[in-house]
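Undergrad: below are the sequence and a predicted model for it; my questions follow.
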Amino acid sequence: MTSIRDLLGDTLAVGETFRLRLEKADSDDTLVAAHPRDASPMDIAVVYGLDRLEERPPTEPVAVEIVGEVVDGRIAGRVVEPAAVPE
């Protein structure tokens, strides 16, 4: 049986890492990003690993892991790699 938690975890991509462009939220200095999955009901608040960033917000996309908690109505994220790797 599939639980609601499993469904939300898949939709929100908990545990997955994405390259995201971060910006400051309108209401405060929280760094936020649009969720890369259209099905996600929440955007991302990057609240962990901020010490890895040289600039806030960074000028280039950074690797962010989705964490399974909610912060100010957004799914939490953690910076896992500060700069984008050239493709």
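TA: Structure's in. What do you need?
Undergrad: centre of the chain to the helix or strand that contains residue 47, how far?
TA: Element membership of residue 47 [criterion: DSSP states H and E] is strand 44-48. Strand 44-48 sits 5 Å away from the centroid of its parent chain (CA atoms, centre = their mean, to the nearest Å).
Undergrad: parallel or antiparallel, list what pairs with that strand.
TA: strand 31-33 (antiparallel), strand 74-81 (parallel) (DSSP bridges).
Undergrad: would CSV of those strands with mean pLDDT and distance to residue 61 be doable?
TA: Heads up, the C-betas are built off the backbone N, CA and C, glycines and all. Shown next, in CSV, are the strands paired with strand 44-48 (pLDDT from 0 to 100; distance: least, CB to CB, whole Å):
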stretch, mean pLDDT, distance to residue 61
strand 31-33, 97, 9
strand 74-81, 94, 10
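Undergrad: shaky segments in the protein?
TA: Along the chain, the parts satisfying pLDDT under 70 run over 1-7, 83-87.
Undergrad: which elements pack onto the longest strand seen in the chain?
TA: Taking DSSP state E as the criterion, the chain has its longest strand at strand 62-71. Judged by 3 or more CB pairs under 8 Å, 6 or more residues apart in numbering; DSSP states H and E, the packing partners of strand 62-71 are helix 4-12, strand 17-20, strand 44-48, strand 74-81.
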